[in-house]
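[1] based on what follows, work out the 3D shape:
(chains A and B)
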Amino acid sequence: MTDLPSLPPAKRLGLVIDLDTCVGCHACAINCKEWNAGGAATMSDLKPYDRAPDGVWFNRVHGFEVGAGASGRTVYFPRSCLHCEDAACVTVCPTGASFKREEDGIVLVDEDLCIGCKLCSWACPYGAREYDLDAGVMRKCTLCVDRIYDQALDERDRVPACVRTCPASARHFGDLGDPSSDVSRLVAERGGYDLMPEMGYGPTNKYLPPRPRRDGSADGGTAALEPSGAPEGKFLQWVDRLFTR
Amino acid sequence: MHPAYSIIIFTAASGAGYGQVIALALAALAGRPADGAVLSGFIAAFCLVGAGLLASTFHLGRPGRAWRAFSQWRTSWLSREALLALATYAIAGGFAWAWLAHPAGDPLLVGLALAAAVAAALTVVCTAMIYASLKPIPAWRNGWVVPVYLALGLASGAAWLAVLDHLFGVGGPFIGRLTAAALAVAIALKLAYWRHIDAPRDGPTPETATGLGALGQVRLLDAPHTAANFVMKEMGYRIAREHGQALRRLALWGGLAPALALTGLATLGADAMTASAALLAAVLTSVGVTIERWLFFAEARHAAMLYYGTTYV
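    The predicted model follows:
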């Protein structure tokens, strides 16, 4: 049913993504695709060796340039479903295929009910939902609901595939509704924030901002790397002054 | 937003069909007896709505399951529209029968005519609300969208009813005047909508979308993929401002405005000349609506594009 759960979910499972540590390697995106496309589920992969490949990915990694000049920085930005509290993608769905779980707040697509009308993707401001041309249904991040509860897996593997594989430890998984959980403490320490909060969707996933530079300077001490006009050494500097008069 | 032809045909055709139901209801309430043009009008309305609904299924990935779309009326405008479309068919069918079987002023006829008009109008409202309720598309978040859909639906539907009236030689100027009024209102509303979306608005930005605004201006450096994906193809369609302006002028001066003038002319008599004027007016109205609907999608931007290099939504 595409009503949102009437009570707040018991747990608010989600991800915390550290934009300070992410190096843009795409391991998370690739592991996600491998996990979700490898078994019974499919993720379309059309014309992969052609000029215009297309396909479904649940996680996409953007690179942004923030600021300008010496204080500018490159920030790599993984983007996937934020499992919002007030998910419009759930309420607009006409068939009940899109739903938010009551026990842990994970937003999922029931692919047996989905008619592929794409309205949920229009309702998502984060571009988290993609249409699978092969299957004719909408697909999105499942927060690896098939991994996190699977007792057959090793305990440390019972996290989403993207979290498990990140080599920079830039992705964290846990219960953001529990203030004492590791992820909640991380968010509180680092000032984790919502994306596009003005939309009012109440995303569960939080992003950690890049940390300020360690030496406190805006440019990371790169000013010292700039070649100075004057030559080194007092004698040569005197000679330089002599000839510039 | 990518203007899908199936959606444009759906909203334009079904809008016209529901407009015809409303126009017929108004004619019945004004005391017109049922005649050949009225009967043809009902058939045209049912065919237009049916064709529109059929066209909309071409947009679906799994049209065989489309029947499931009736279930989520509590939260989904699309679901509400599906239910109301069904209800309008039933009520309008009852209205048609009542008009043929009962004299003017009969309470059953009056009741069913009103109910049919309301049901048809509500169905168009639901269609428009599917779009107007979407927060990530600021261009649609205003009070003009719903009235424009209603006015253009009424205008395009009534325009073709006027053609039928001329064909059968019945009905008088009532439908023609209704068409003219609807066109005039629609043009005014559409101009207001365009002025509204042209005005600068305080929407989301790449800075709020990424939350990195505190560090400075945010620009896309590395796209996440080298070819377009579904999100870019569906939401990333953009039309250059000049082209949008040119198409607006075409919809107005090549479609709706001449249609208004011709409709006015057509009400002046009931001969071959006025019949031709009515036919041309109907064609131009439909052309104008189609261009307007295409622009409605093409000129709208989606917030998800802020992650893909767009800076203003």
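[2] so what does residue A:169 look like in phi/psi?
    Dihedral pair for residue A:169: phi 50, psi 40, per degrees, to the nearest 10.
[3] near the closest residue to chain A within the stretch 1-150 of chain B, how many other residues are there?
    Per Cβ to the nearest Cβ, residue B:61 is where the stretch 1-150 of chain B lies closest to chain A, at 2.1 Å. Every residue, glycine included, has its C-beta placed from N, CA and C. Counted with other Cβ atoms under 10 Å in any protein chain shown, the neighbours of residue B:61 add up to 18.
[4] kindly report the same for residue B:46.
    18.
[5] for the one 3 residues further on, same thing?
    Neighbour count of residue B:49, defined by other Cβ under 10 Å: 26.
[6] what's near enough to touch residue 194?
    No chain specified, so I'll use chain A. Residue A:194 makes contact with A:82, A:202, A:203, A:206, A:207, B:211 under the criterion Cβ atoms under 8 Å, 6 or more residues apart in numbering or on different chains.
[7] my question was about chain B
    Contacts of residue B:194 by Cβ under 8 Å, 6+ apart are residue B:248.
[8] separation between it and residue B:244?
    Residue B:194 is 9 Å from residue B:244, where distance means Cβ to Cβ, to the nearest Å.
[9] ok, residue A:7 next?
    From residue A:7 to residue B:244 the distance is 46 Å (Cβ to Cβ).
[10] so between these two, which is more surrounded?
    The residue with more neighbours, out of residue A:7 and residue B:244, is residue B:244; 17 against 6, by other Cβ under 10 Å.
[11] check contacts around the residue of chain B positioned farthest from its centre.
    In chain B, residue B:215 marks the outermost C-alpha relative to the chain mean, sitting 43.9 Å out by Cα atoms, centre = their mean. Contact analysis of residue B:215 by Cβ under 8 Å, 6+ apart lists A:66, A:67, A:73, A:75, A:209, A:210.
[12] wait, the second one sits on residue B:216?
    In other words, residue A:67. Yes - counting by Cβ atoms under 8 Å, residue A:67 touches residue B:216, with 2.8 Å between them.
[13] tell me which residue of chain A lies closest to chain B.
    Taking Cβ to the nearest Cβ, chain A has residue A:116 as its residue nearest chain B, at 2.1 Å.
[14] and the helix or strand harbouring residue B:243, how far out from the chain's middle?
    Following DSSP states H and E, one finds residue B:243 within helix B:241-251. Distance, stretch centre to chain centre, for helix B:241-251: 19 Å (Cα atoms, centre = their mean, to the nearest Å).
[15] can you tell me what sits against it?
    B:190, B:194, B:239, B:288, B:291, B:292, B:294, B:295, B:298, B:299.
[16] next one: the second one from residue B:245, what distance?
    Which is residue B:194. For residue B:194 relative to residue B:245 (Cβ to Cβ), the value is 9 Å.
[17] what about the closest residue to the residue of the stretch 1-150 of chain B closest to chain A other than its chain neighbours, which SS state?
    Excluding the flanking residues, the one nearest residue B:61 by Cβ to Cβ, 6 or more residues apart in numbering or on different chains is residue A:116, at 2.1 Å. Recorded secondary structure, residue A:116: coil (DSSP: H, G, I helix; E, B strand; the rest coil).
[18] in the contacts of residue B:215, find the pair that's most separated.
    Largest separation among the contacts of residue B:215 by Cβ to Cβ: A:67 and A:209, giving 12.7 Å.
[19] could you list every residue that touches residue B:22?
    Residues in contact with residue B:22 (Cβ under 8 Å, 6+ apart) are B:116, B:117, B:120, B:121, B:153, B:154, B:157.
[20] and those, which is closest to residue A:42?
    residue B:153 (40.3 Å).
[21] next, the angle from the helix or strand harbouring residue B:291 to helix B:241-251.
    Following DSSP H and E, one finds residue B:291 within helix B:272-298. Here the directions of helix B:272-298 and helix B:241-251 differ by 160 degrees (axes from the mean of the first three to the mean of the last three Cα atoms, to 10 degrees).
[22] and helix B:272-298, which residues are buried?
    Residues B:274-275, B:277-298 are the ones in helix B:272-298 that count as buried (16 or more other Cβ atoms under 10 Å in any protein chain shown).
[23] so how far is the helix or strand where residue B:196 lies from its chain's centroid?
    For residue B:196, the enclosing helix or strand under DSSP H and E is helix B:174-198. In terms of Cα atoms, centre = their mean, the centre of helix B:174-198 is set 12 Å apart from its chain centre.
[24] spatially nearest residue to residue 197 (excluding sequence neighbours)?
    Using chain A. Nearest to residue A:197 is residue B:208, by Cβ to Cβ, 6+ apart, at 7.3 Å.
[25] the intended chain is chain B.
    That would be residue B:139: by Cβ to Cβ, 6+ apart, it lies 4.7 Å from residue B:197.
[26] would you double-check that the one you found falls in a helix?
    Yes - assessed with three-state DSSP, residue B:139 lies in a helix.
[27] enumerate every residue touching it.
    Counting by Cβ under 8 Å, 6+ apart, residue B:139 has contacts B:197, B:299, B:300, B:301.
[28] please look at the last one and residue B:140 and confirm they touch.
    No - with contacts defined as Cβ under 8 Å, residue B:301 does not count as touching residue B:140, sitting 10.1 Å away.
[29] helices or strands up against the helix or strand harbouring residue B:209?
    Residue B:209 belongs to helix B:206-210 when assigned by DSSP H and E. Where contact means 3 or more Cβ pairs under 8 Å, 6 or more residues apart in numbering or on different chains; DSSP states H and E, helix B:206-210 is packed against strand A:60-66, strand B:218-222.
[30] and the stretch 201-313 of chain B, which of its residues are near chain A?
    B:204, B:206, B:208-212, B:214-225, B:227-231, B:234-235, B:302-308 (Cβ under 8 Å from any Cβ of the partner chain).
[31] just the buried ones from those residues, in ChimeraX syntax?
    Applying 16+ other Cβ under 10 Å to these leaves a buried subset, and the ChimeraX line that selects it is:
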select /B:204,206,208,209,210,211,212,215,216,217,218,220,221,223,224,225,229,230,231,234,235,302,303,304,305,306,307,308
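[32] name the nearest residue to residue 144, ignoring sequence neighbours.
    All of this refers to chain A. For residue A:144, the closest residue by Cβ to Cβ, 6+ apart turns out to be residue A:160, at 3.8 Å.
[33] not quite, I wanted chain B
    Spatial nearest neighbour of residue B:144, excluding adjacent residues (Cβ to Cβ, 6+ apart): residue B:193 at 3.9 Å.
[34] circling back: report the two of the contacts of residue B:139 separated the most.
    B:197 and B:301 (9.7 Å).
[35] and stretch B:93-107, which residues are buried?
    Quick answer for stretch B:93-107 (16+ other Cβ under 10 Å): B:94, B:95, B:96, B:98, B:99, B:102.
[36] oh, I was asking about stretch B:180-197
    B:180-187, B:189-190, B:193-194, B:197.
[37] would you map the helices across chain A?
    Taking DSSP state H as the criterion, chain A contains helices spanning A:27-38, A:88-91, A:119-123, A:145-148, A:161-165, A:182-190, A:234-244.
[38] let's have these in CSV, adding mean pLDDT, mean neighbour count and distance to chain B.
    Formatted as CSV, those follow (pLDDT from 0 to 100; neighbours: other Cβ atoms under 10 Å in any protein chain shown; distance: least, Cβ to the nearest Cβ, whole Å):
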stretch, mean pLDDT, mean neighbour count, distance to chain B
helix A:27-38, 93, 19, 8
helix A:88-91, 97, 24, 4
helix A:119-123, 98, 24, 6
helix A:145-148, 95, 16, 22
helix A:161-165, 97, 22, 14
helix A:182-190, 97, 16, 12
helix A:234-244, 80, 10, 36
